[in-house]
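Asks: Sequence first, then the predicted structure:
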Amino acid sequence: MGKGIKIGRIRTEQLTGLAILFLSASLGACDRRAEPVGTLVAGGDPERGREAVKRYGCGSCHVIPGIEGANGLVGPPLSGIASRVYIAGVLTNTPENLMRWIQDPPAIDPLTAMPNTAVTEADARHLASFLYTLR
């Protein structure tokens with residue numbers, strides 16, 4: 001049998017093992033990355049999203065890789081948005097939340113500088129699908 005000190009019905013080496021297991025799981029959760037979800041945006045087409053980025057003028061406020069002239073400095077760069085845990089620091093990065101944010105940012109965060117640009121639901125799907133290609 002183990003030589004650890006017995007605390008109730010658990011030995012110290014068991015507690016140590018449980019603590020290591022808990023710490024490993026906790027650290028893993030803190031370092032999680034958003035899953036690749038570009039293909040999980042139901043009805044979304046990344047190429048149509050790329051076109052919508054141009055049509056809605058997203059590049060006037062954001063730097064967007066692969067979009068000519070998208071060099072705005074008002075909003076954050078959108079490079080790596082697919083790997084971010086949060087959208088705008090307030091929403092968990094999921095397709096549903098990204099589409100909500102794209103359609104009406106002030107409804108989610110009234111202090112945001114991002115305006116409601118009247119993005120349609122279909123275009124929000126395409127835009128989200130495109131943005132999730134930006135790893």
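Replies: That came in fine, so what should we check first?
Asks: Contact partners for residue 45?
Replies: Residue 45 makes contact with 125, 126, 129, according to Cβ atoms under 8 Å, 6 or more residues apart in numbering. All C-beta atoms are positioned from the backbone trio N, CA, C, and that covers glycine.
Asks: Could I get the pLDDT score of it?
Replies: Per-residue pLDDT puts residue 45 at 96.
Asks: again, but for the one 10 residues further on
Replies: The predicted local confidence for residue 55 comes out at a pLDDT of 98.
Asks: next structured bit after the strand or helix carrying it?
Replies: Residue 55 belongs to helix 46-56 when assigned by DSSP states H and E. On the C-terminal side of helix 46-56, the closest following helix or strand by DSSP H and E is strand 86-87.
Asks: If you drop the residues flanking it in sequence, what lies closest to residue 63?
Replies: residue 77 (4.0 Å; Cβ to Cβ, 6 or more residues apart in numbering).
Asks: before we move on, what about residue 49?
Replies: Excluding its sequence neighbours, the residue lying closest to residue 49 (Cβ to Cβ, 6+ apart) is residue 130, at 2.7 Å.
Asks: List the contacts of that neighbour.
Replies: Residue 130 sits in contact with 38, 44, 46, 47, 48, 49, 50, 52, 53, where contact means Cβ under 8 Å, 6+ apart.
Asks: for the protein, what are the low-confidence residue spans?
Replies: Residue ranges of the chain with pLDDT under 70: 1-39.
Asks: How is the protein divided into domains?
Replies: Following automatic domain parsing, the chain resolves into domains at 1-32, 38-131.
Asks: most packed of the ones you listed?
Replies: Of all those, domain 38-131 has the most neighbours on average by mean count of other Cβ atoms under 10 Å, namely a mean of 17.
Asks: Work out which residue lies at the spatial centre of the chain.
Replies: Geometric centre of the chain, nearest residue: residue 93, 2.9 Å, by Cα atoms, centre = their mean.
Asks: surely that one meets residue 87?
Replies: Yes: using Cβ atoms under 8 Å, residue 93 makes contact with residue 87 at a distance of 5.3 Å.
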